[in-house]
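Novice: Compute the structure for the input listed below.
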Amino acid sequence: MAKTQAKTDEPQTTGTTPEEALPEMGAVPGPDVRIAELEAERDELKDRLLRALAEAENTRRRAERDRKDAETYGGTRLARDILAVYDNLTRALAAADDSIKTEHAALFEGIELTRRELLNAFEKHKIRETTPQKGEKFDPNLHQAMFEAPIPGAQPGTIIEVMQAGFVIADRLLRPALVGVARAMPQAAGPAAEAAPENGEDKAG
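Specialist: The predicted model follows:
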């Protein structure tokens, strides 16, 4: 009876190996999968770096452009106000006849010198006068037409009078020149029009 009892107390085996008896811990990725993951991560980081570098370069360029614009066009408002001083000096010189200039030569010489110094200051800040000459073609980018008039001998669309000087600052219009522009002469009625039959009547006999 003792031998039979000993046999029943032995552990029962199921035929499984120790590795199969271990709890599942998740499959370990193979080397190819891990390399692919690392390459994808590398490509993502590289793309982020390139985007960041491009954005930094764009920011630098914008800042440089803004700096140059501020340096070139920063005094636009002041320049427009000073143009009124230039206009008054020019009018004063143009209004005086030769006798007044002779009697007050020193005064007018001072006005002329002041006007020249003002133009020199304009030149230092890239401000140039763009006053057209009579007969030049009207340019809407530089000129402002104040009136149009038919002038015998003048080509339509050409300048017949300049009322105020124009100025640019660098490559931008600061103030257009105020001008008068020629327009086409009205067509005169010819002999054929005078001889046309009235009310559609046929005068042929």
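Novice: Identify the residues contacting residue 183.
Specialist: 148, 149, 150, 156, 157 (Cβ atoms under 8 Å, 6 or more residues apart in numbering). Backbone N, C-alpha and C define where each C-beta goes, glycine included.
Novice: let's see 6 Å
Specialist: Counting by Cβ atoms under 6 Å, 6 or more residues apart in numbering, residue 183 touches 148, 150, 156.
Novice: Quick check: phi and psi at the most centrally placed residue in the chain.
Specialist: Nearest to the mean C-alpha position of the chain, by Cα atoms, centre = their mean, lies residue 172 at 9.5 Å. Per-residue torsions, residue 172: phi -120, psi 150 (degrees, to the nearest 10).
Novice: contacting residues for it?
Specialist: With contact set as Cβ under 6 Å, 6+ apart, residue 172 has no partners.
Novice: heads up, I number from 664, so please use that
Specialist: Got it, first residue is 664 now, which makes that one residue 835.
Novice: how close does it get to residue 721?
Specialist: Going from residue 835 to residue 721 by Cβ to Cβ, to the nearest Å gives 24 Å.
Novice: before we move on, what about residue 826?
Specialist: Distance check for residue 826 against residue 721: by Cβ to Cβ, it reads 46 Å.
Novice: returning to what we had before: for the contacts of residue 846, which entry has the maximal number of neighbours?
Specialist: residue 811 (15 neighbours; other Cβ atoms under 10 Å).
Novice: Tell me the bridge partners for that residue.
Specialist: residue 844 (DSSP bridges).
Novice: Need the per-residue pLDDT for it.
Specialist: What the model reports for residue 811 is a pLDDT of 94.
Novice: wouldn't it be in contact with residue 842 here?
Specialist: No: assessed by Cβ atoms under 6 Å, residue 811 is found out of contact with residue 842, at 10.2 Å.
Novice: what's residue 842 in contact with, if anything?
Specialist: 806, 822, 825.
Novice: and if you look at residue 751?
Specialist: Taking Cβ under 6 Å, 6+ apart, one finds nothing in contact with residue 751.
Novice: Look up phi and psi at it.
Specialist: The phi/psi pair for residue 751 (degrees, to the nearest 10) is phi -70, psi -40.
Novice: gap between it and residue 778?
Specialist: Distance, residue 751 to residue 778, by Cβ to Cβ: 10 Å.
Novice: and if you look at residue 712?
Specialist: For residue 712 relative to residue 778 (Cβ to Cβ), the value is 59 Å.
Novice: Quick one: the strands in the protein, in order.
Specialist: Ranges of strands within the chain are 790-792, 806-813, 822-827, 830-832, 835-838, 840-846, based on DSSP state E.
Novice: would you turn the contacts of residue 842 into TSV with pLDDT, distance to residue 846 and neighbour count?
Specialist: Shown next, in TSV, are these (pLDDT from 0 to 100; distance: Cβ to Cβ, whole Å; neighbours: other Cβ atoms under 10 Å):
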residue	pLDDT	distance to residue 846	neighbour count
806	96	15	22
822	95	12	22
825	94	17	17
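Novice: Of those, which is the nearest to residue 848?
Specialist: Nearest to residue 848 among those, counting by Cβ to Cβ, is residue 822 at 16.7 Å.
Novice: Just the CA atoms of stretch 801-811, as CSV, please.
Specialist: In CSV, the C-alpha atoms belonging to stretch 801-811 read as follows (Å, rounded to 0.1, in the frame of the first residue of the first chain):
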residue,chain,number,x,y,z
PHE,A,801,2.6,112.1,-69.4
ASP,A,802,3.6,109.3,-67.0
PRO,A,803,0.8,108.4,-64.5
ASN,A,804,3.5,106.8,-62.2
LEU,A,805,5.3,110.2,-61.8
HIS,A,806,2.8,112.9,-62.7
GLN,A,807,-0.7,114.0,-61.7
ALA,A,808,-2.8,115.7,-64.3
MET,A,809,-4.6,118.8,-63.0
PHE,A,810,-6.3,119.7,-66.3
GLU,A,811,-6.5,118.8,-69.9
